[in-house]
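[1] Provide a 3D model corresponding to the input given below.
(one chain, ligands or ions: 2)
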Amino acid sequence: MTTRPLALTLGDPAGIGPELTVSAWEALRLSEHCFFWLGDPALLNNVIPTEMISSPAEARRVFSHALPVLPTLCSAPVEPGKPSACNAETIISSIQNAAQLSLSGEAAGVVTNPIAKHILAQSGFPHPGHTEFLAEICSAPGHEIMMLASPELRVIPVTIHVSLQTAIQTLTTERIVNVTRITHHALIRDFGIHHPRLAIAGLNPHAGEAGLMGDEEQTIITPAIDILRAQGIDAQGPYPPDTMFSATARTRYDAAICMYHDQGLIPLKTLDMAQGVNITLGLPIVRTSPDHGTAFDIARPLDRTVRAADARSLIAAIRTASTMVQHRKGNAV
Ligand SMILES: NC(=O)C1=CN([C@@H]2O[C@H](COP(=O)(O)OP(=O)(O)OC[C@H]3O[C@@H](n4cnc5c(N)ncnc54)[C@H](O)[C@@H]3O)[C@@H](O)[C@H]2O)C=CC1
Ligand SMILES: NCC(=O)COP(=O)(O)O
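    Ligands and ions are numbered 1, 2, ... in the order given. All right, here's what the predicted structure looks like:
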């Protein structure tokens, strides 16, 4: 696995991020999946040993006996379950530093703990989520693609954090082609799938039923598929969205290109929320995250034995980031 450590961000300190971080360290500390946390050790209530580091290079020496922490201290008191925009600056700087350390090569990649988008927005944060923020840090705006992956399914929404109305209004042939091309290349480079098979979803019921229930399939989606196929990309569809996620249908493709956020994320999370991983494709750095959010409703002060949050998705995100780093190394020329 990776020799350099992964950078794990703070996330919203009032959410389940601190608890997930503790559980992930306990699960992985004797494995090769080494990470350090850009967080505030005071949030951990001494439930595990921690050791301050001043650079990622120190993480591997520490990882088996303590959680390596690159201190990123909260400026306001933290009450679990009660998020506050007063800590927005710390949350943002944790993401920013993790990305910079990854761009500089000191960290192998970034794994993010969940943030609450509306809380950061209150502080003037202009990005709808990590995906778009990281693209800006990497000077690659417009190249960022969100993929959610579980052992059962991979989905890529063409439009991401916008209203359903905006998603439909901004759906274009060019956007579908761009997202599918980046996905195709990322499946080869980051996942070792040599000939990716891509299923393109329709937008409307029955994929439009020959125009009877909407014509975006004919005017926008099919032209995109034609362009992609002419470029040698194995893109098929548009498929009726209500049947393309069945167990049988899923055996026919490696990833589903979906027209809007919930079209892809509902089947993914319904099939396997515990092991779903959110992955940003199209960036020079590796970035993964759990598929769920901050879960403020179950966040509580940390306890040595009682855990409310299921850390499997974060653990899967860390393992996935390690695997992607390995694939990128293997594919480097
Ligand atoms: N990558 C990220 O930073 C993401 C952040 N969010 C943010 O999270 C906030 C809350 O969003 P919600 O829609 O409520 O989704 P959520 O995923 O935080 O919670 C939905 C339900 O699932 C439960 N849940 C989630 N993760 C869990 C875990 N690991 N273990 C046990 N139960 C778990 C919660 O307790 C809650 O009942 C929003 O502000 C949203 O912006 C949402 C998705 C991803
Ligand atoms: N629904 C997925 C999600 O909100 C994750 O967004 P991001 O913070 O990874 O951009």
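
[2] enumerate the residues of the protein near ligand 1.
    16, 114-118, 130, 278, 289, 292-295, 297-298, 309-310, 313 (Cβ under 6 Å from any ligand atom). (C-beta placed from N, C-alpha, C; glycine too.)

[3] which of those residues are buried, as a ChimeraX select command?
    Applying 16 or more other Cβ atoms under 10 Å to those, the buried members can be selected in ChimeraX as follows:
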select :16,114,115,116,117,130,278,289,292,294,295,309,310,313
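
[4] ok, residue 233 touching residue 180?
    Yes - if you go by Cβ atoms under 8 Å, residue 233 and residue 180 touch, sitting 6.6 Å apart.

[5] the two: who's more crowded?
    Neighbours were tallied for residue 233 and for residue 180 using other Cβ atoms under 10 Å; the higher tally belongs to residue 180 (25 against 19).

[6] tell me which residues touch that one, please.
    Shown in contact with residue 180 (Cβ atoms under 8 Å, 6 or more residues apart in numbering): 156, 198, 200, 224, 228, 233, 235, 257.

[7] adding secondary structure, pLDDT and distance to residue 265, write those out as a markdown table.
    Shown next, in a markdown table, are those (DSSP: H, G, I helix; E, B strand; the rest coil; pLDDT from 0 to 100; distance: Cβ to Cβ, whole Å):
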| residue | secondary structure | pLDDT | distance to residue 265 |
| --- | --- | --- | --- |
| 156 | strand | 98 | 10 |
| 198 | strand | 98 | 18 |
| 200 | strand | 98 | 17 |
| 224 | helix | 98 | 21 |
| 228 | helix | 98 | 23 |
| 233 | coil | 98 | 23 |
| 235 | strand | 98 | 21 |
| 257 | strand | 98 | 13 |
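
[8] next step: the residues of the chain next to ligand 1 restricted to strands.
    Among these, the members falling in strands (DSSP state E) are 278, 289.

[9] mark which of the residues of the chain next to ligand 1 are part of helices, please.
    Members of the residues of the chain next to ligand 1 lying in helices (criterion: DSSP state H): 117-118, 130, 313.

[10] among these, which two are most distant?
    118 and 313 (21.2 Å; Cβ to Cβ).

[11] bridging residues for the most centrally placed residue in the chain?
    Compute the mean C-alpha point of the chain, and by Cα atoms, centre = their mean the closest residue is residue 278, 2.7 Å away. Per DSSP bridges, the residues bridged to residue 278 are residue 148, residue 289.
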